[in-house]
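In: show me the folded form of this:
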Amino acid sequence: MIMVHTHREPLCRDFTLSTGDETVPTARRLVLSTVGDWGLALPDETLDDLALLSGEVIANALQHATGPYNVVVSWTRARLRVEVADTARPFRTSHGGGPYAESGRGLLLVAALAADWGSTPTATGKTVWFEVAPHAPTSHLDRPAS
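Out: Model (predicted):
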């Protein structure tokens, strides 16, 4: 079950997710459709990062906590912020598996691709958040020759 709430200024939408097989893809689609609904003209590269990072933080919540999970998407006119609140305890150590681990690299991706990110303890668990900033369009010099 997904409940969605929209607020006008600043642009903000939150939704609550319950556990299910399609939770991560559904949540990722909701984040991307929110950006589309707002008419934000973000480059494809930023949308790709947004989809990947949203999926990572939502998957972490599903793996390490019990639901429901609250996702908030907001636009500050400079950055897009996604927050995922769950019931798991705050992180104690850095995450990241070895080179052959099947999991454990999600937060490394978040740290590498997000403009900023972090985790904040809450009364019932924690909120993991990240921000993406629109990238400048890639110049023709950065593209492969066709």
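In: mind listing what the nearest residue to Thr87 once chain neighbours are set aside touches?
Out: Ranked by Cβ to Cβ, 6 or more residues apart in numbering and with sequence neighbours excluded, the top spatial neighbour of Thr87 is Gly125, at 4.0 Å. The way it works is simple: take the backbone N, C-alpha and C, and place the C-beta from them, glycine included. Listed by Cβ atoms under 8 Å, 6 or more residues apart in numbering, the contact partners of Gly125 are Ala65, Ala85, Asp86, Thr87, Ala88, Arg89, Pro90.
In: between those residues, which sits nearest Val31?
Out: Distance to Val31 across the contacts of Gly125 (Cβ to Cβ) is lowest for Ala85, with 14.4 Å.
In: let me know the next secondary structure element after the helix or strand containing Val72.
Out: Using DSSP states H and E, Val72 maps to strand 69-75. Once the chain leaves strand 69-75, the next helix or strand it forms, by DSSP H and E, is strand 80-86.
In: helices or strands next to that following strand in the packing?
Out: The contact analysis (3 or more Cβ pairs under 8 Å, 6 or more residues apart in numbering; DSSP states H and E) places strand 80-86 against helix 44-64, strand 69-75, strand 126-132.
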